[in-house]
Structures are given as C-alpha cells and as structure tokens.
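Novice: I need the structure of the sequence given here:
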Amino acid sequence: MQAGFVSQPVPGGSSSMHPAAEAYQELLADIDSWFADASKRQPGVVPCRSGCSACCHGPFDISMADALLLREGVAALPAATRREVRERSGALLARMVALEPGWNPPFDPNELGEARFDSLTERLAAEPCPLLDQEGRCVSYDCRPLVCRIIGMPMVTPDGDVLENDCPIRDQFPAYAALDPAVFDLEAWEAREQACLEAAALELRGDIGAAGSETEIAAVGR
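Specialist: A predicted model of the protein is given here:
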C-alpha cells in the first residue's frame, strides 16, 4: 500500500473505503467549498442544482483517483441500483467499442489520441452518464469525479491561468455566463492530489507510474 494511506477497519468487522479514495474525497471537499463560496457571492445566479444533468452526457475522461473513488461509491450502492449502473455502463462501453474497435480495458482515452477521442465524444454527446437515474440525479453524487464539481464555475489561479465555465446551458443564463472567474490555488491542490493519484494507480493498475493515466466512468461502473 502506498505510504501515507493506512486503512482503518470499520467497527463491526466490515472494510472501510479504500484509504486513498477517502483521502481524495476529503481533498475534493476543498473544490466543493470553493464552488459553494463562489456561488454564495452571486446569489441566484448559478443555476447548478440537484436534478440538473445538462453536463452529465457524453463520454469524458477521469483520473485514477476519480476512478478509485467512484469504484468505492458504486460498490456501496444498494444491489438493485448497482446492477442498473453496471447495465448502463456496459451498454455505453459497447457503443464506444463499436465506434472504436480495438479499444480495450482499461479504456484510457490517451490510447485513442485526442482527435479520435474528441470524435467519439461528439458522436456520443447525447448519451447520459451511467450514474444518472431516471430522474436525472446522480446515484453516486458524493463520489462524483473532479470534472463534475468544477464544470459550472469559471476558475482563475493565483498565476492568472483561467479554466472557463463549460456548462453546456450557460448561454441560457446571461448573468451566469458573464461570471468572473473565482480564485482557486489549483497548483497547490494538484500537489496534494498527486499522492492520491499514485496510490490509486497502484491499486487499480498495479503500477505507481500509471498515476497520470485516465479512464471512463462507464469503465468503472460496469
């Protein structure tokens, strides 16, 4: 096990969440706080809410830490919900492979290259994330990946680097689309993230060198 991540048993003898997943979830809480604070400074402007799934369609890549946390989240779902997620994930993966024959586990987008992966996401842009239920709500919201947490708020780092608001419906809300980026020290956050990426890569790939690898939500949920 990666140094610095010590598993703690849950009282009663059951296993706890993987320690690297737990550490990463705690790290993601900083992102959630940033988003919530930025939203509060603009009351009534940010339309992000429970049940809105505008940004939850089409394939997109997630990190090793995201994949590990999501694996833990899916495993903790009720059996019937977990089965539905796996069925939806399997169906979406089958469509991906039909469009990109020869793309195999671990379904790393880097294996396709940017142009082919972009083409794949465009062709499947209307496909809902396998984690969405029939009401458009994420069944593993607390374990959702990083991209799901930052997509609806523009960010600027202390060095002036800007991550744009990529919400697909932002143009329907002029004040929202015009929001100034909220400051967040992403470089410092990513420095802390690295240990989680390495521990997740060791757990999922058996290779700490795969810390920079990526995969698909559907590949984790199947």
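Novice: which phi and psi does the most centrally placed residue in the chain have?
Specialist: Most central residue of the chain, judged by C-alpha distance to the mean C-alpha position with CA atoms, centre = their mean, is residue 145 at 1.8 Å. The phi and psi values for residue 145, taken as degrees, to the nearest 10, are phi -70, psi 170.
Novice: thinking it is in contact with residue 61, fair?
Specialist: No: counting by CB atoms under 8 Å, residue 61 is not a contact partner of residue 145; they are 9.1 Å apart. Yep, even glycine has a C-beta here, placed from its N, CA and C like the rest.
Novice: any idea how many residues pack against residue 211?
Specialist: Applying the criterion other CB atoms under 10 Å, we find 20 residues in the vicinity of residue 211.
Novice: cool, residue 28 as well?
Specialist: Residues contacting residue 28 under the criterion other CB under 10 Å number 24.
Novice: which residues touch it?
Specialist: Contacts for residue 28 were tallied using CB atoms under 8 Å, 6 or more residues apart in numbering; they are 69, 146, 149.
Novice: which of the helices or strands spans the first one?
Specialist: Secondary structure assignment for residue 69, by DSSP states H and E: helix 64-75.
Novice: what does that helix contact?
Specialist: Applying CB under 8 Å, 6+ apart, the contact partners of helix 64-75 are 17-18, 20-21, 24-25, 28, 62, 82, 85-86, 140, 142-147, 193, 196-197, 199-201, 203-205, 210-211, 213-215, 217, 219-221.
Novice: filter those residues down to just the buried residues.
Specialist: The neighbour count (16 or more other CB atoms under 10 Å) marks 17-18, 20-21, 24-25, 28, 62, 82, 85-86, 140, 143-146, 193, 196-197, 199-201, 203-205, 210-211, 213-215, 217, 219-221 as buried among the contacts of helix 64-75.
Novice: go through the residues you listed and flag which are in helices.
Specialist: Secondary-structure check on those using DSSP state H: residues within helices are 20-21, 24-25, 28, 82, 85-86, 146, 193, 196-197, 199-201, 203-205, 217, 219-221.
Novice: list the buried residues for stretch 182-189?
Specialist: 182, 184, 186, 189.
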